[in-house]
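>>> Model the structure of this input:
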Amino acid sequence: MTAEITSRLFGEWGINLKSKDERKTNRTVPITKSISTKLTFLIVAVMLLSVIAAGVFGTLFLEKYYTKQKQSAVKQVYKTFDKVVKKDAAFSESDDIQELNGILEKTGASAIVINNSGVALYTYGSEMPLRQRWRDLVFGFGDDKRYKSEVVEKNSEYNLLYTEDPSAKTYHYELVSELSNESDLVVRLSVENFKESLSITNHFYAGLAIVLIVIITILMIVVTRRYTIPMLQLASISKKMSELDFDVKYEGKHDDELGVLGDSMNEMSEKLESTITELKTANLELEKDIKQKEEVDELRKEFISNVSHELKTPIALIQGYAEGLSDGINDNPEDIKYYSDVIVDEANKLNKMVQKLMTLNQIEFGSVNLNLQRFDIVEVINALISRRQILSEKDNIKIEVVAPDKQFVWGDEFYIEEVITNYLNNAVNHVDDKHIIKVQVTENNGIVRVSVFNSGKPIPEDELENIWVKFYKVDKARTREYGGSGIGLSIVKAIMDNHDKECGVINHTDGVEFWFELDANN
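Now for the predicted structure:
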């Protein structure tokens, strides 16, 4: 099905995949140049060389490796005794005994420590044979009669011997040393333990196998990179082509299947690029137009609905009271003045609402160019509070300011004043009988936060996200009472979005805090 659709699509666009250099795209690859043949030959050759190398290395170095392991084991036992005796000369600590027993058990060795008085301070293994070897090695008793010893290593700390017992046909590594507590140490390790020899052999071949695997892997990576890199390049080109991106071209110079595939993909890319680019451009323009139309329609519907709802009440009041005056419903001068005041008051509210809607519309549709500058936010706050001080004192409200003497920020001073004014108006309109309003300015890591708190009833949690929506009112009756339109916080949100900065609200047990942030540094 996919092939059929592709064929039809190419036919409709007038694309003929065989119209250019047909001999080049339909060529065959000789078997000697096939990737599968080359890789098979390389893998077989490398593995064969690896097996041969493993056999040669095993023959040459296994015995030396085995001998070195045994000698290292005896030396490690000596080092453990030397460490223990420096802190526990009498071998009285159980932890030290356990440590010595553990390493001797692990290495398969036996040991004895005898002091100047001939008392064995520590023994692991059969004491009598060990004591006899101590006499032989330290005092030379019977050494020439039974054992044949060869010095492997001799230094100021110890003597390491390779000892053969011809009669018993046993072989040992023996280490003799005088410890720091002036006691003699004799360590014996048999080298005729078949299982241990097999384990060491297995460890050796395991290590050798790891080394060979690493070497083979490196060789294979080096060799196959010549093929894997163009394969990955072709895969990347294929993915980009599926995403309608035809800028990347295959630039390999292979004369095998990779070359054929690369040439074919380049040929297809060249033929499709111009057509797909045009279609993509047209599609993007169409999507943009459709999206913009949907957004405009949605905004228009929302605006008409909200404005109709908000204008309904003041218009009804103006109409009702105007008709009353027109009909001469009451000749009392005081009533006439009351009717007139209501009409003027509602008209003022309508005027303010329209002005705010115009301001919000300009900000939201990006027709406002922000004049970013560095100014003192504390000075702006103090000036705004000073202007409304008389009205605040009239309502018995005292606005507290907690801020440094100066705090410079970056922003449009005119619109930031609008944000602060809306926050202050909101606080005054919703403050409770405690009449507490606090404006606070703080700075943290180059971010300045301005918050306005008023004591009163917290906003319901399920309505916190909606307070920034145009015409949304938490307490509709109270909002109507002080003439609110539900647009102020929407203006705040639009201004802060234009600044690309955050604003928000926090509920407290005794009130509500509104905040916004600006950069202290540009």
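>>> what about the strands in this protein?
Taking DSSP state E as the criterion, the chain carries its strands at 109-114, 120-124, 148-154, 159-165, 170-178, 184-190, 372-376, 398-402, 408-412, 436-444, 447-455, 503-508, 511-519.
>>> who's in contact with W515?
Listed by Cβ atoms under 8 Å, 6 or more residues apart in numbering, the contact partners of W515 are 449-452, 503-506. In short, each C-beta sits where N, CA and C put it, glycine included.
>>> Which strand residues bridge it?
Following DSSP bridges, W515 is listed with bridge partners S451, G504.
>>> Please report how far it lies from N426.
For W515, the distance to N426 equals 12 Å [Cβ to Cβ, to the nearest Å].
>>> Common neighbours of the two, please.
Jointly contacting W515 and N426 under the rule Cβ under 8 Å, 6+ apart are V452.
>>> residues in contact with V469?
Contacts here follow Cβ under 8 Å, 6+ apart; on that basis V469 touches S490.
>>> okay, it: pLDDT?
Predicted confidence (pLDDT) for V469: 77.
>>> cool, and D405?
At D405, the model reports a pLDDT of 91.
>>> ok, it - how many residues close by?
Residues lying near D405 (other Cβ atoms under 10 Å) number 7.
>>> just D88 next, same as before
By other Cβ under 10 Å, the residues close to D88 number 16.
>>> Starting from N266, give me the distance back to the closest residue to it other than its chain neighbours.
Leaving aside its chain neighbours, D88 sits nearest to D96 (4.7 Å; criterion: Cβ to Cβ, 6 or more residues apart in numbering). Per Cβ to Cβ, D96 is found 76 Å from N266.
>>> what's the answer for S180, then?
Taken as Cβ to Cβ, the span from S180 to N266 is 79 Å.
>>> For the two, work out which one has more neighbours and name it.
The neighbour comparison of S180 against N266 (other Cβ under 10 Å) goes to N266, with 17 against 11.
>>> can you pull the contacts of A53?
Counting by Cβ under 8 Å, 6+ apart, A53 has contacts L212.
>>> pretty sure S126 is touching S110, no?
Yes. S126 is in contact with S110 according to Cβ atoms under 8 Å; the separation is 7.2 Å.
>>> In terms of neighbours, single out the busier of these two.
Legend: neighbour count by other Cβ under 10 Å for S126 and S110, higher for S110 (21 against 11).
>>> Contacts only, for the nearest residue to the more buried one once chain neighbours are set aside.
Nearest non-adjacent residue to S110, counting by Cβ to Cβ, 6+ apart: G125, 2.7 Å away. Neighbouring residues of G125 by Cβ under 8 Å, 6+ apart: 104, 110-112, 188.
>>> same question, N396
By Cβ under 8 Å, 6+ apart, the contact set of N396 is H435.
>>> all helices of the stretch 151-300 of the chain, in order?
Counting by DSSP state H, counting those that start in this stretch, the stretch 151-300 of the chain has helices at residues 194-242, 257-326.
>>> Same question for stretch 410-425: list its buried residues.
Neighbour-count burial for stretch 410-425 flags 410-413, 415-424 (criterion: 16 or more other Cβ atoms under 10 Å).
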